[in-house]
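In: Just to be clear, the model below is a prediction. Sequence and coordinates:
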Amino acid sequence: MRGTEEDNLPRRCSAFATLLGNLVLRLSGWKRTGEVPKARNMVIVAAPHTSNWDFIFLLAAAYSFGISVNWLGKDGLFKTPLGPLLKILGGIPVDRSKPNNMVQTLSAEIEHGLGVTLVVPPSGTRARTDHWKSGFYRIAQAAQIPIVCGYLDYPKKEAGLGPAFLPSKLSADMDRMREFYQDITGKYPEKKSRIRLREEDS
C-alpha cells in the first residue's frame, strides 16, 4: 500500500530527464530556485513569456526539479514530424479554431488521473497583451488544486517556483501574482504582458 507522502507528490520524470535538465541549466549558466509544492496536481503559471527560449529553460527547470509536466500547444505543431516528440515532452494539442470545454476536460483529467502538473503561460503569446487568459485560474478553481507562480528571470538567470496557493478570491489572488511578478524580467522586457484578467474589469 502506498504511503500518503507519495500520494501527495507530483508525478516524477525519469532520472535521465532530471540529469538532462540540470545539464542544460548548468551549461547555459542558469540556476534553479524555489521548491516543488507537496501536491499531486497543480497548475504552474509560466511568466513572463516573451521568447521561444522560455520553453527550453522551462522544461529544463521542471526536469531539474524532477517533475513531469504537461503543457498546451497549437494542434498544428503536433501534426509536424516533431509531433511525437512534443507529446513525449508533455504536450497536449489544442484546436483553437473550435469551441471546446478544455477547462472541464483538463479538470476531469486532473481529478481522475495519476497526477498532472500543467504549465500554462497565461499571456498566451510572446507579444505584449493587456490581459492574461483566465484558463489557468478556471482550471485550478474547478479542480481545487494549487496555482504555482513559475518564473524565468533572464537578468538573474533564475528559473524557479514561487508562491503556491489554492484559488479563493479572484482579485486577491491576482494582486498576489502582480506583486510577485512585479520585479521579474523576461528576455524582452518590453513584451511583458500586463497581469490582469478580463474578469477583473467586470
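Out: That came in fine, so what should we check first?
In: Under the pLDDT cut-off, which ranges of the chain? List them.
Out: 1-7, 96-102, 104-105, 107-109, 112-113 (pLDDT under 70).
In: Spell out the residue ranges of the helices in this structure.
Out: Counting by DSSP state H, the chain has these helices, from start to end: 4-7, 15-28, 53-65, 83-88, 102-112, 135-143, 170-181, 198-201.
In: Quick one: these as a markdown table, columns for distance to Thr125 too.
Out: Where you see a C-beta, it was placed from the backbone N, CA and C, and this is true even at glycine. Shown next, in a markdown table, are the helices of the chain (distance: least, C-beta to C-beta, whole Å):
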| stretch | distance to Thr125 |
| --- | --- |
| helix 4-7 | 36 |
| helix 15-28 | 24 |
| helix 53-65 | 12 |
| helix 83-88 | 18 |
| helix 102-112 | 17 |
| helix 135-143 | 13 |
| helix 170-181 | 17 |
| helix 198-201 | 15 |
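In: nearest to Leu77, of those?
Out: helix 83-88 (6.1 Å; C-beta to C-beta).
In: Spatially central residue for the protein, please.
Out: With the centre of the chain defined as its mean C-alpha position, the nearest residue by C-alpha atoms, centre = their mean is Val119, 2.1 Å away.
In: any idea how far Gly150 is from that residue?
Out: 7 Å (C-beta to C-beta, to the nearest Å).
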